[in-house]
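Trainee: What would the 3D arrangement of this be:
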Amino acid sequence: MTAIPVLSGGAYAAELVQSHLRRIVELQTPVLEDTDPEPLHQLRVRFRRMRATLAQFAPALELPEVVTGQRLAKFGRSLGLARDLDVLRGRLEGDLLPLLPPRELANLKRVQKQLKRERRLAFEALVDTLKGKRYLQLIAALQGWLKQPRTTALGEEPVRAWLPEWKADALAGLMLHPGWRCRGYGAAGDHEALHDLRKRIKAARYALTNLEELEGDALSPWIERFKAMQEQLGDFNDLLVLQRALEDQVEGDLDRQLPTLCSLLLEQRAQTWGRWQTSSTAMRDPQTQEQFRLMQLGLGANQPSSAAATANPPG
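Mentor: A predicted model of the protein is given here:
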């Protein structure tokens, strides 16, 4: 009987890259049509996952010179501004405006007009990026590389032999981040710490997702947990950004001009902060941390503690 070949780290990474790239190419047309905000969101996510995958498996891959994390990050930022404005407009117009009295709705017309204008300008820049020479060169370089992927000596070794190491960079030091221990969302520096922690959690989630096919049930609960925490911190950040946008655009005292809206924002921030505090406390529980360490080492502790159930479920 012929033995089934063992998948190498480089081959496994190439399959992930191919999956991301295929989706990126598929999404370009609906993004440029701009009839639905979801394709732009998905394209931004795919760029982030592509960047995370190439960083995670960098020791196994020999990539073309034009394919760099810096360039991928730049393209991601080009997509990000339009997407962020979609999120702000969606939260304001979809979640909050229906709850406001007529006087406050009138006071927000200028804000809505400005957000719409900024979104139009951001989308024009996005179109220039997706049709630009450097973007097309990057896509072509990845497509060419995938026809015959080049790997390092490590990339030729079995992917399963180095599973803890493929997790290492994304998970190392995660629980030492100061964002876990922020005492209040109004304290100086807390917003920046929480925003940075969200990026670290996202990186951990992407790294584990890349290995889920290999470890299955051992990683799935952690991926869901990180996704829920990432979304909680994302909601919190969106509310703060919207608050600042309103302060910049509304003339006069915001509390007097938009008292109902300010009350709603304060309430939502408090609720979001409460959910995050619950998740943060549960994650720092000693039993959960022991399970987390075992998962890092691939020793089979596949279920986070029951406190994980208190985390806000992902949308």
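Trainee: The longest helix anywhere in the chain: how far from the chain's middle?
Mentor: The residue-count maximum for a helix in the chain (DSSP state H) belongs to helix 220-249. Mean-position distance between helix 220-249 and its chain equals 10 Å (Cα atoms, centre = their mean, to the nearest Å).
Trainee: now stretch 249-264
Mentor: Centre to centre, stretch against its chain (Cα atoms, centre = their mean), the figure for stretch 249-264 is 30 Å.
Trainee: Now do the end-to-end distance for it.
Mentor: Using Cα to Cα, to the nearest Å, the end-to-end distance of stretch 249-264 comes to 18 Å.
Trainee: one step back: and the next element down the chain from the longest helix of the chain?
Mentor: Next in sequence after helix 220-249, counting helices and strands by DSSP states H and E, comes helix 254-257.
Trainee: Check which residues of that following helix are buried.
Mentor: 254, 257 (16 or more other Cβ atoms under 10 Å). C-beta here means a position set from N, CA and C on the backbone, and glycine is covered the same way.
Trainee: Now do the helix or strand following that helix: which elements does it pack against?
Mentor: Next in sequence after helix 254-257, counting helices and strands by DSSP H and E, comes helix 259-283. Helix 259-283 is packed against helix 102-107, helix 220-249, helix 286-297, with contacts defined by 3 or more Cβ pairs under 8 Å, 6 or more residues apart in numbering; DSSP states H and E.
Trainee: packing partners for the shortest one?
Mentor: Going back to what we said before, that points to helix 102-107. Against helix 102-107 (3+ Cβ pairs under 8 Å, 6+ apart) you get helix 259-283.
Trainee: so the helix it packs on versus helix 220-249, what angle?
Mentor: 150 degrees (axes from the mean of the first three to the mean of the last three Cα atoms, to 10 degrees).
Trainee: can you list the weak-confidence ranges in the stretch 1-150 of the chain?
Mentor: Applying pLDDT under 70 to the stretch 1-150 of the chain flags residues 1-5.
Trainee: again, only this time at 50
Mentor: 1-4 (pLDDT under 50).
Trainee: which residue is nearest the centroid of the chain?
Mentor: Compute the mean C-alpha point of the chain, and by Cα atoms, centre = their mean the closest residue is residue 202, 5.1 Å away.
Trainee: which residues touch it?
Mentor: 48, 226, 230 (Cβ atoms under 8 Å, 6 or more residues apart in numbering).
Trainee: quick one, what contacts the second one?
Mentor: Listed by Cβ under 8 Å, 6+ apart, the contact partners of residue 226 are 201-202, 204-205, 208.
Trainee: Let me see the mean pLDDT of the helix or strand hosting the residue nearest to the centre of the chain.
Mentor: Using DSSP H and E, residue 202 sits in helix 190-215. Mean pLDDT, helix 190-215: 94.
Trainee: Any buried residues in it, and which?
Mentor: Neighbour-count burial for helix 190-215 flags 190-191, 193-195, 197-198, 200-211, 215 (criterion: 16+ other Cβ under 10 Å).
Trainee: got the angle between it and helix 220-249?
Mentor: Put simply, helix 190-215 runs at 150 degrees to helix 220-249, going by the same axes, to 10 degrees.
Trainee: mean confidence for the helix or strand hosting residue 166?
Mentor: Element membership for residue 166, per DSSP H and E: helix 163-171. Averaging pLDDT along helix 163-171 yields 93.
Trainee: Just name whatever secondary elements that helix is in contact with.
Mentor: Against helix 163-171 (3+ Cβ pairs under 8 Å, 6+ apart) you get helix 38-56, helix 190-215, helix 286-297.
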